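Student: Build me a structure from this.
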Amino acid sequence: MTRPDRICVGAIAGSFGVQGEVRLKSFCADPEAIASYGPLWTEDGSRSFTVKLTRANVSGGLGVRLSGVLTKEQADALKGTQLFADREKLPALPDDEFYHADLIGLTAQDTGGVTLGTVRAVHNHGAGDMLEILGPGMKTALLVPFTLAVVPTVDLAAGRIVVDMPEETE
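Tutor: As a prediction, the model looks like this:
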């Protein structure tokens, strides 16, 4: 289980070459900054790696060397592994930006204070972040654009967000 003081910053997309390099997909605003947040940990915390950037643009991410990974077979075995950085190594965010990990688990309420559910995930398929909200009795999750117009309030201290759902037009 992931420690709450660690944030997912990337994932290993596969091996690169035959010398143990990996293709690393960085989730950081500055993709190359991932190398400065080390050591990076596996989700269960059982392994850690230092990261050395070897190539900036490789199909599917960055070319990197991970400490202790010396062969293509070792690199192949790590495909799909998510990597986490200690929160204190990450930059502080402006007031209007949030780490996805901080949003997951927040209670979602409408503007009248009625609870809609809980933020279960944050998705981004290229057109901006979407919050997945699931509540009691809901058969499917509610997907809400994470914009200031739709989510005007994020109160991490209170553990909630306010969702101002757009009026449905006919």
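
Student: what sits against the closest residue to Ser36 other than its chain neighbours?
Tutor: Residue nearest to Ser36 in three dimensions, not counting chain neighbours: Lys89, with 7.9 Å by C-beta to C-beta, 6 or more residues apart in numbering. Where you see a C-beta, it was placed from the backbone N, CA and C, and this is true even at glycine. Listed by C-beta atoms under 8 Å, 6 or more residues apart in numbering, the contact partners of Lys89 are 36-38.

Student: out of these, which one sits closest to His123?
Tutor: Lowest distance from His123 to the contacts of Lys89 (C-beta to C-beta) belongs to Tyr37, with 23.0 Å.

Student: What number of residues are in the vicinity of the closest residue to Ser48 other than its chain neighbours?
Tutor: Nearest residue to Ser48, sequence neighbours excluded (C-beta to C-beta, 6+ apart): Pro39, at 4.1 Å. Using other C-beta atoms under 10 Å, Pro39 has 16 other residues around it.

Student: residues contacting Pro39?
Tutor: Counted by C-beta under 8 Å, 6+ apart, Pro39 has contacts 48-50, 67.

Student: Which one of the residues you listed sits in the busiest neighbourhood?
Tutor: Counting by other C-beta under 10 Å, top hit in the contacts of Pro39: Phe49 with 22 neighbours.

Student: Can you read off the pLDDT for that residue?
Tutor: In this prediction, Phe49 carries a pLDDT score of 95.

Student: and the nearest residue to it once chain neighbours are set aside, how far is that from Gly126?
Tutor: In space, and not counting its chain neighbours, Phe49 is closest to Leu66: 4.1 Å by C-beta to C-beta, 6+ apart. Separation of Leu66 from Gly126 (C-beta to C-beta, to the nearest Å) stands at 28 Å.
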